[in-house]
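Chemist: coords below, sequence missing:
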């Protein structure tokens, strides 16, 4: 089979050669005047300008944040929602490295890369929102550990998870740079990083929910729950996977030529497998939602305006995509899987924004509505992430196959295909 | 008896939470005993003298028509709210309640918010990174943020911590012409409040707001009408707010201890099931199957 | 002054009932999610993958025996079987199809039926064990159906298979089927002449079948070799 191989030469000696290679790689590949670039570039530039204003004139200069609503779109969307969508990385690494579901092989790297960048950009967006970002090292350097703070835990786990995700991805970097020995060392760390990463993800995905535990009375009771950490964790599983399904559809078009044959061949099976996991976890999630309603004795609240909004979220964007995923899996219908994934993503977006913004102080007459500039900065962060993502995918062996040396180096010659029954081979 | 035990716990909690190193400024006398302020809303006439005194003592801008300002802000740490009730207009001075076990301090990931043993909950500029999680967590919405500043600070009543440390009363207490505010040890204030309720049962409702709410606050209130009629949140539990997160936080070490070994075991078990010979030596295993895949394709 | 303490376990009873209902529902849902819809066989062409070189069709719903026969569940306990695209194209137009009678017990992997091609008989293995409950009478009348639509109208038998799940599970499915077909194709390519390759590449099939197009003299030996499940 002919697979697209990374063009990077296997051997590259000396610092000078490396530098020359890096500079060469910085050049854009392909036309810069694509519709996506024409839309995203001005927004990124505008976002940068807005951020300059924000850091010189204070948050009030471009945001609608107030004393009543201290957290707005940047935290509610970028951090709380973005990190939920980044959950695909820990689920897929769990499926592949721990459960050894080999069919996910071809999406492991791109999912980990996506997760890693999501953390860098979305958790990084926390810095934009911090009033005093120059003090951000305080909870890290140890002179002022706020050990009792959920946010302290979440912040540390963000950092540690970024390291774990980078380790999981690092063999690809070593392959790109042609560093054989380094690659071998890094590859031995993978399983450890995965196990650590999955555990950390469990904790900080639920931790994002636990942030709101002390906002009791300020969040509408339909969304406030003592189970909120569990709800956040379980929903991050299908949130992340829905993004993987969605992103796969886009990548299949955008990076068509870089995808390996293996990826093309397995793509449908992968989508069906992930959809099945989504359906199963949504089944559990819906049950948890019912238990939460009963436990909190809030069934009576359902027939209020906020209750209708709640029902729209839970029925329209959890129950419906759940049913669609189930049928899509049974009928092996790819299109339906994608539709369900998009609906699920809308549902997660609604849920996270409901908890962090929309139902927050629902009783206030003047509710927070993000300013247009907040939207621009939010979009700018998303676009910037996509730019970096694209840059990496077009250069590193993420979708494309790793260089031959990385494959041959440690493969025993006679090895059956993992997970397969002995495949009958025709005698010559 | 009951109260004494309760206070003891409070004092201990205050000390352990606020200054793990025991390095905080020592209260002027009676270590471990927190100070507080008793607000008697039946005596307050809403003259705003305290508002001016507060601004002066804390270097805040001169209040502009404070009689029209009813919520505290980053520039005005105390505000008088007025309510028309069955007993005429009632004025309520509002400011940070200085909880015994403050939500803001437990929310703070840099210990910028800190409950000192003497009672005040203080904000420390050198620690704060401006995440505003304290504002999300505070049940009374007291911390305020300077949104219009490039070097913003969290602002709220500090109970004049520096003055308290020197053995003085907070500026507002000192300035009150009606004797509506009383500064003292919290236990003494509770006794005083109970005595007032007992001697003039017609004047007061039999409740001291802040005695038990959210685990007790340093600022205590007496009123002639039920507290929900004069803007107080009466839906708050008596449990301190930080207790809401203990269930989650206590479980973190458990998860970290249980999950990784479980995952390791699972990965080992699946390797055997997949019929691999396991020559990948533990951690490299995932990657060897990686390569076997590649080989199968090339 | 004492506030009434709310019973912290007020809803516990309902919660436990709910959990019991959930646990009862879980296996049902699990079966449903992993089940095969009744009409799966009719939908075979849906989701078909044109893979590898695109020479041979590999329907996703089908499970394969290495002897180039397929099986698809029609409904629980009932499985439809037939000849795969590879065998059909390799052998070319069949003169006749000889099927066992209804009620016959087939043994998995043992010869299940016979195709007559160019006066030579080829036994093909039954993909799994079961009792014949239906035969495709149309394909008996018109064997060409087998070549026109091997996974659809060209099906051969329906079997009653009580242990249909494990039976299908032991066959090649999905990625495994794909890997297997890739090997079969590689083996074929080794013997391929450029002319035949070009015809296949264009989506066409040599009318007399690939085997005869490769070698007019030794085609029978070649075909038996390529169809051999071992």
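Modeler: Good, I have the coordinates. All values reported here derive from a predicted model rather than from experimental measurement.
Chemist: chain neighbours aside, what residue packs nearest to residue A:314?
Modeler: Once flanking residues are discounted, residue A:314 sits nearest to residue A:289: 5.8 Å by CB to CB, 6 or more residues apart in numbering or on different chains. Placement of C-beta: from N, CA and C, glycine included.
Chemist: so who does the one you found touch?
Modeler: A:231, A:314, A:318 (CB atoms under 8 Å, 6 or more residues apart in numbering or on different chains).
Chemist: what of residue B:142?
Modeler: By CB under 8 Å, 6+ apart, the contact list for residue B:142 reads B:72, B:95-97, B:104, B:156-157.
Chemist: where's residue B:159, which helix or strand?
Modeler: Using DSSP states H and E, residue B:159 maps to neither a helix nor a strand.
Chemist: give the contact list for the residue most central in space within chain A.
Modeler: The structure's chain A has its C-alpha centroid closest to residue A:86; by CA atoms, centre = their mean the separation is 1.4 Å. With contact taken as CB under 8 Å, 6+ apart, residue A:86 is in contact with A:114-115, A:118-119, A:122, A:240, A:243.
Chemist: phi and psi next, for residue B:99.
Modeler: With angles defined as degrees, to the nearest 10, residue B:99 sits at phi -60, psi 150.
Chemist: is any part of the helix of greatest length in chain C close to chain A?
Modeler: Secondary structure of chain C per DSSP state H: the longest helix is helix C:12-34. Yes. Residues of helix C:12-34 are located near chain A by CB under 8 Å from any CB of the partner chain, namely C:14-15, C:18-19, C:22, C:26, C:29, C:32-33.
Chemist: tell me the buried residues within the residues you listed.
Modeler: When neighbours are counted using 16 or more other CB atoms under 10 Å in any protein chain shown, these contain these buried positions: C:15, C:18, C:22, C:33.
Chemist: surely the first one meets residue A:293?
Modeler: No. Counting by CB atoms under 8 Å, no contact exists between residue C:15 and residue A:293, whose distance comes to 10.5 Å.
Chemist: ranges for the strands of chain C?
Modeler: For chain C, the strands defined by DSSP state E occupy C:49-50, C:57-58, C:63-65, C:69-75, C:78-83, C:96-98, C:105-106, C:111-117, C:120-125, C:130-135, C:157-160.
Chemist: with mean pLDDT, distance to residue A:354 and mean neighbour count added, can I get these in TSV?
Modeler: Below are those laid out as TSV (pLDDT from 0 to 100; distance: least, CB to CB, whole Å; neighbours: other CB atoms under 10 Å in any protein chain shown):
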stretch	mean pLDDT	distance to residue A:354	mean neighbour count
strand C:49-50	47	40	16
strand C:57-58	80	45	22
strand C:63-65	90	45	24
strand C:69-75	87	43	23
strand C:78-83	90	47	24
strand C:96-98	90	62	15
strand C:105-106	90	58	17
strand C:111-117	90	59	20
strand C:120-125	90	58	17
strand C:130-135	90	53	19
strand C:157-160	90	52	22
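Chemist: next, count neighbours for residue 136.
Modeler: Answering for chain A, as no chain was given. By other CB atoms under 10 Å in any protein chain shown, 16 other residues sit near residue A:136.
Chemist: wait, I meant chain B there
Modeler: 25.
Chemist: just residue C:126 next, same as before
Modeler: 26.
Chemist: from what I see, it and residue C:69 are in contact.
Modeler: Yes. At 7.0 Å, residue C:126 counts as touching residue C:69 under the criterion of CB under 8 Å.
Chemist: who touches both of those two?
Modeler: Shared contacts of residue C:126 and residue C:69, counting by CB under 8 Å, 6+ apart, come down to C:81, C:112.
Chemist: in the stretch 151-300 of chain A, which spans are strands?
Modeler: For the stretch 151-300 of chain A, applying DSSP state E, counting those that start in this stretch gives no strands.
Chemist: and it, which residues reach chain C?
Modeler: A:265-266, A:268-269, A:276, A:279-280, A:283, A:287, A:290-291, A:294-295, A:297.
Chemist: which parts of the stretch 101-250 of chain B are strands?
Modeler: Along the stretch 101-250 of chain B, counting by DSSP E, counting those that start in this stretch, strands occupy B:113-115, B:121-123, B:144-145, B:154-155, B:181-185, B:219-222.
Chemist: and the fourth one, what does it pack against?
Modeler: Packing contacts for strand B:154-155, counted by 3 or more CB pairs under 8 Å, 6 or more residues apart in numbering or on different chains; DSSP states H and E, involve strand B:144-145.
Chemist: what about the chain, any weak spots by pLDDT?
Modeler: No chain specified, so I'll use chain A. A:1-13, A:142, A:265, A:407-428 (pLDDT under 70).
Chemist: wait, I meant chain B there
Modeler: B:1-32, B:272-298.
Chemist: geometric centre of it: which residue is closest?
Modeler: Closest-to-mean residue, chain B, CA atoms, centre = their mean: residue B:102 / 2.6 Å.
Chemist: for residue A:297, what are its contacts?
Modeler: Contacts here follow CB under 8 Å, 6+ apart; on that basis residue A:297 touches C:10-11.
Chemist: please disregard the earlier target; I meant residue A:91.
Modeler: A:237, A:240-241, A:277.
Chemist: follow-up on the earlier one: and the two most separated of the buried ones among the residues of helix C:12-34 next to chain A?
Modeler: C:15 and C:33 (24.8 Å; CB to CB).
Chemist: circling back: please report the distance of the residue nearest to the centre of chain B from residue B:220.
Modeler: Remark: distance between residue B:102 and residue B:220 (CB to CB, to the nearest Å) = 16 Å.
Chemist: cool, residue A:87 as well?
Modeler: Distance from residue A:87 to residue B:220, by CB to CB: 46 Å.
Chemist: of these two, who's got more company?
Modeler: Of the pair residue A:87 and residue B:220, residue A:87 is the one with more neighbours under other CB under 10 Å, namely 27 against 23.
Chemist: and the gap between the more buried one and residue A:74?
Modeler: 20 Å.
Chemist: now residue A:386. Nearest residue, chain neighbours left out?
Modeler: residue A:40 is the one closest to residue A:386 (CB to CB, 6+ apart), at 7.1 Å.
Chemist: what sits up against the helix or strand encompassing that neighbour?
Modeler: Assigning secondary structure by DSSP H and E places residue A:40 in helix A:35-57. With contact meaning CB under 8 Å, 6+ apart, helix A:35-57 is reached by A:61-63, A:128, A:373, A:376-377, A:379-381, A:383-384, A:386-387, B:148, B:150.
Chemist: who does the longest helix along chain B touch, helix- and strand-wise?
Modeler: Criterion DSSP H: the longest helix present in chain B is helix B:243-273. Counting contacts by 3+ CB pairs under 8 Å, 6+ apart, helix B:243-273 is packed against helix A:150-177, helix A:190-210, helix B:285-297.
Chemist: if we go to 6 Å?
Modeler: With contacts taken as 3 or more CB pairs under 6 Å, 6 or more residues apart in numbering or on different chains; DSSP states H and E, helix B:243-273 sits against helix A:190-210.
Chemist: wait, does the helix it packs on make contact with chain B?
Modeler: Yes. With CB under 6 Å from any CB of the partner chain as the criterion, chain B is reached by helix A:190-210 at A:190-192, A:195, A:199, A:203, A:210.
Chemist: name the SS class of residue B:92, please.
Modeler: Three-state call for residue B:92 (DSSP: H, G, I helix; E, B strand; the rest coil): strand.
Chemist: state the distance from it to residue B:72.
Modeler: 12 Å.
Chemist: neighbour-wise, which of these two wins?
Modeler: Taking neighbours as other CB under 10 Å, residue B:92 and residue B:72 compare with residue B:72 leading, 25 against 21.
Chemist: contact partners for the more buried one?
Modeler: residue B:79 (CB atoms under 6 Å, 6 or more residues apart in numbering or on different chains).
Chemist: so it: helix, strand or coil?
Modeler: coil.
Chemist: tell me which two of the residues of helix C:12-34 next to chain A sit farthest apart.
Modeler: Using CB to CB, the two most remote members of these are C:14 and C:33, lying 26.5 Å apart.
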